[in-house]
Structures are given as structure tokens and as C-alpha cells.
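Undergrad: predicted model follows, preceded by the sequence.
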Amino acid sequence: MIFRLINKKLGATVPTARSFGLKPAVLIAFIAALALAGCDEFIAPELDTTAPAEVGGLNAAPGDAQVVLTWEDPADSDLLFVTITCKFGPITQWKDVGKGIQTATFTGLLNGTECTFTVQTEDTTRNKSAGVTVKATPTPRVAMPTATPGAGTYTGNQTVTLSTATAGAAIYYTLDGTPPTAIPANLYSAPITVSMGTTLKAIAVKAGMLDSAVRTAAYSNQVITPIANPGAGTYIGPQTVTLSTATAGANIYYTLNGNTPTTGSTRYTTSITVSMGTTLKAIAVKTGMANSAVLEAAYTQAGTVATPTADPVAGAYAGPQTVTLSTATAGAAIYYTLDGTPPTAIPANLYSAPITVSMGTTLKAIAVKTGMIDSAVLTAEYIQIGTVVTPTADPVAGAYIGPQTVTLATTTAGAAIYYTLDGTPPTAIPANLYSAPITVSMGTTLKAIAVK
């Protein structure tokens, strides 16, 4: 509504004002307030009943379960917003879109079901246009292709396989960074070789469906990871290690303290000595290429093979012994000699079965296992046991006219003598121990042995 209010005291006309669609009660209060302000004449309002013009250039772009509307607002200065009604089947959706936005997206629609959109304009006095109608049918979209291996940094050309989850869809691709189109020259049919520095783009297409989104996969060149020779492992002592990379012209940087190497680390120029318990890390670097992955090589001190044992052990025996050799280190081989020389790991010295060791022999043996330190040398001496000299009796056996005081002796120093007087063989028990001359009656048989 248009109001023209006159102040008689001033003889002036108050400028035109617009009600903006006020309700009657609010309008009355508005007029009363103006009267208090000195506006004492009211001229009947002029009603705005003209609807704004329709939107222009209305377009509906169907998508997967959605439709995107775009349009151009009319030039009406009093345009307030645009009202959109969407009908599909028994379902109705609506949106109010503010002036100047000129786009709206309807989601959750049914693929294959036609949707009718009515777009009406509305001004500040609630005048609404008849509306413009457009129809669109949401269409499912083909699944975007996947590339295997995917985009990334690699040390050489990659054989890439393209696929899509949409059965029956065809894939089209380019390798020059341009958007792919569905032309025979771009059709994917077999794995493709992708050079480094290439950007692969691919779409999947199927009749009756929207084309997939574009898959973009960039493949970048990377310096080949250094290798160490000898490589990580268990060793019996420090190793002289050389580093190299198959990427010509690349520089190698390394650390020996476990830190990740950078171009600020030590530059490799010649072979390096790596102590046991050290972790070597290295990268290769070349201008214009991504740095290599980090080589990590741990050098571990080898364990020592357990020293062989002999059964029976070294000692004094009455005759040759059948000796078994063994080691607690599983998988170790044992080598031995019987002539007192240090054993070496040659086939002639390999232990395979119990061996006969003569008295007066020195057995030596070692245990050996790949990747471990050889065992210490077992030395076992086998000695022949000597025989104690038979005791002598003084006076010796014979015929006497009465009891004799008999002294027993042996020339084996340190030997003990045991005896009996009843004719039984003597044994080394305390009751039989000789300690002083003994009285031997006539008709008695003395028996004695010496023990050491």
C-alpha cells in the first residue's frame, strides 16, 4: 500500500511510504503513530497488486537422485524471494530461495521418476507470479573409475588397470591431462603403461545413465631407494657397507644413529664401516624427482655357538672310550681332531657318530653354524689308568715253627692295603684296612690288595 500523509501545520506532504504487507491491526497502529508525529491528514492508500515478472532462463539439470535448478531473477525492485515446488509421484517438496541466489538443488529424488518443478516469484507485498514450470527425470550416475595402482609417486613406469563398479559400463581415458570423451580412440580395453610425470584421466559411460565423474590420477617420478651391500643381517663383526641406487645422478645421504636422513645428513661418497648393533638409514635424492623411500638396515651382532660337550668327559680310564659329542646350539655342526691340533670346519673333521678314543689321546672339537660365531674349542684328554703294585709280605709265605708278625707293603706311593686272614678275597672296606704289622697264626692264609 502507498500512503501520502499531510502535516497541515507545516503545509507539507510527508514523502511516500510503503506498508510492506502489514496486517490491518499493525497498519492501524502505524497510522496512529504517524498522527502523533503531526501527520493530521490521511489520504486513502493505493494498493500494489502487480505480481513480479517470472524468472528467466529456467534450467533443470538431472543428476543421481537429484536435480539442480538454475534461473535468472526478474528485474523487479520489490522482488523478495522465489518459491519452488517439486512434485514426483505422490511426494511434494518446496523451497523458498532468496533474491539473488538463482539456484536450488533438490535431493532424495527417485531415479527414473519424472519431477515437475514450478518456480514462482513473490514480492514484498506478497504478490506471487503464476510460475514457470520445468520437468526433469533424475538419472543414476555411473560409478567413477578406479585406477590400480592409484595416483602416487613411483620409481618407474606403472601398469595401470582401470575398473568401475557399474556393470556393463565402458571406460574412456586420456594420458595428456585433457578431459576424456567417449570416442573409440579413448576406449580402455586392457591395462595401460603409464610413464612417470603423466596425469591419467578417465570416465565411465553407460547408456541410460549419467557419465561418471572424472577420475584424475597423477603419477610422479621418484628416485629408486638405495640398497646396502652387505644388507641388513646378523654378522660376527663390523661390516664394510657400500650404498648405491639405480637412479643415475642421484646423491645418497645416510645416518648411523637411527635418525631419518635428510639432505643435511652425511653424503655418501665411499664405503662405510658399520658396527654391530647399528641401524643404517639412507635416502637417494635427485633434482626434479621425489626423494626415494628410506632404506633401513639393522646390523646385529651374531651369537656364539655353544661349546661342544663330550660324554664321557675327559679323564683317566682303564681302556678306550666311545665318546659322543653334542652342542646346545640347534643346527650346529661339530668338527673334531684326535691328534691335539685345532679343529677346522673341513669335511674330514666333521662329527657324525660316536667315536672311539684311545687312552693317551687329546680330543679337540668346535661347533659351527652359519651366521654365528664359532664356539670355543673343547679340549678333552683321555689318560690310561695305571695298576697299583701288588703288596708284599715280610716274612713271606712259608713254613714256620710259630706265629709270625707280618709287615705288608707296596711300592705304589700313596696306595692303601686291604687284607683278610680267612682266605676270602680282600675288599676296600675299613675293616680290612692295613695300618700296622699283623700277627699271623700258623695254618693261616693271608690275602692282600693295594688300592689307589
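TA: That came in fine, so what should we check first?

Undergrad: burial measure for G56, as a count.
TA: 11 (other CB atoms under 10 Å). In short, each C-beta sits where N, CA and C put it, glycine included.

Undergrad: can you pull the contacts of it?
TA: 71-72, 74 (CB atoms under 8 Å, 6 or more residues apart in numbering).

Undergrad: try it again at 10 Å.
TA: 71-75, 132 (CB atoms under 10 Å, 6 or more residues apart in numbering).

Undergrad: who's it bridged to?
TA: Per DSSP bridges, the residues bridged to G56 are E72.

Undergrad: now do T420
TA: K447.

Undergrad: which residues are in contact with it?
TA: Counting by CB under 10 Å, 6+ apart, T420 has contacts 426-427, 431-432, 444-449.

Undergrad: about what we covered before: neighbour-wise, which one of the contacts of G56 leads?
TA: W71 (23 neighbours).

Undergrad: please name the nearest non-neighbouring residue to that one.
TA: Residue nearest to W71 in three dimensions, not counting chain neighbours: V55, with 4.0 Å by CB to CB, 6 or more residues apart in numbering.

Undergrad: right, and that neighbour touches S129 too?
TA: Yes: if you go by CB atoms under 10 Å, V55 and S129 touch, sitting 8.3 Å apart.

Undergrad: spit out the residues that contact those two alike.
TA: Residues within reach of V55 and of S129 at once, by CB under 10 Å, 6+ apart, are 74, 79, 82, 119-121.

Undergrad: which residues of this structure fall in helices?
TA: Ranges of helices in the chain, per DSSP state H, are 24-36.

Undergrad: OK, contacts around A365?
TA: Going by CB under 10 Å, 6+ apart, A365 touches 307-310, 323, 325-327, 334-338, 343, 349, 351, 355, 375, 377-380.

Undergrad: what's the PyMOL syntax to select whichever of those are buried?
TA: Buried members of the contacts of A365, defined by 16 or more other CB atoms under 10 Å, are picked up in PyMOL with:
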select buried, resi 307+308+309+310+323+325+327+334+335+336+337+338+343+349+351+355+375+378+380
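
Undergrad: neighbour count winner among V55 and S129?
TA: A count of neighbours by other CB under 10 Å puts V55 above the other of V55 and S129, at 23 against 20.

Undergrad: how far away is the spatially most distant residue from the centre of the chain from M442?
TA: For the chain, the residue at maximal distance from the C-alpha centroid (CA atoms, centre = their mean) is I401, at 105.9 Å. Distance from I401 to M442, counting by CB to CB, to the nearest Å: 8 Å.

Undergrad: sorry, back to before: show the contacting residues for the residue nearest to W71.
TA: 69-74, 79, 82, 84, 97, 102, 119-121, 129, 131-132.

Undergrad: also T270?
TA: Here T270 is in contact with 240, 242-243 (CB under 10 Å, 6+ apart).

Undergrad: okay, those residues in JSON lines with neighbour count next?
TA: Formatted as JSON lines, these follow (neighbours: other CB atoms under 10 Å):
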{"residue": "T240", "neighbour count": "11"}
{"residue": "T242", "neighbour count": "13"}
{"residue": "L243", "neighbour count": "21"}
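
Undergrad: which one of those residues sits closest to I203?
TA: When the contacts of T270 are compared for distance to I203 (CB to CB), L243 wins out at 44.6 Å.

Undergrad: give me the pLDDT value at that closest one.
TA: Predicted confidence (pLDDT) for L243: 98.

Undergrad: check the one 10 residues further on too.
TA: According to the prediction, Y253 has pLDDT 98.

Undergrad: what about it, neighbour count?
TA: Neighbour count of Y253, defined by other CB under 10 Å: 20.

Undergrad: tell me the bridge partners for it.
TA: Beta-bridge partners recorded for Y253 (DSSP bridges): R267, I283.

Undergrad: the stretch 301-450 of the chain: strands as residue ranges?
TA: Secondary structure of the stretch 301-450 of the chain (DSSP state E, counting those that start in this stretch): strands at 309-311, 315-317, 321-326, 333-337, 355-357, 361-368, 378-384, 392-394, 404-409, 416-420, 438-440, 447-451.

Undergrad: make JSON lines from those strands and add distance to T270 and mean pLDDT to it.
TA: Listed next are the strands of the stretch 301-450 of the chain as JSON lines, based on distance: least, CB to CB, whole Å; pLDDT from 0 to 100:
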{"stretch": "strand 309-311", "distance to T270": "46", "mean pLDDT": "97"}
{"stretch": "strand 315-317", "distance to T270": "56", "mean pLDDT": "90"}
{"stretch": "strand 321-326", "distance to T270": "46", "mean pLDDT": "98"}
{"stretch": "strand 333-337", "distance to T270": "37", "mean pLDDT": "98"}
{"stretch": "strand 355-357", "distance to T270": "50", "mean pLDDT": "97"}
{"stretch": "strand 361-368", "distance to T270": "33", "mean pLDDT": "97"}
{"stretch": "strand 378-384", "distance to T270": "42", "mean pLDDT": "93"}
{"stretch": "strand 392-394", "distance to T270": "83", "mean pLDDT": "95"}
{"stretch": "strand 404-409", "distance to T270": "81", "mean pLDDT": "96"}
{"stretch": "strand 416-420", "distance to T270": "75", "mean pLDDT": "97"}
{"stretch": "strand 438-440", "distance to T270": "90", "mean pLDDT": "96"}
{"stretch": "strand 447-451", "distance to T270": "73", "mean pLDDT": "95"}
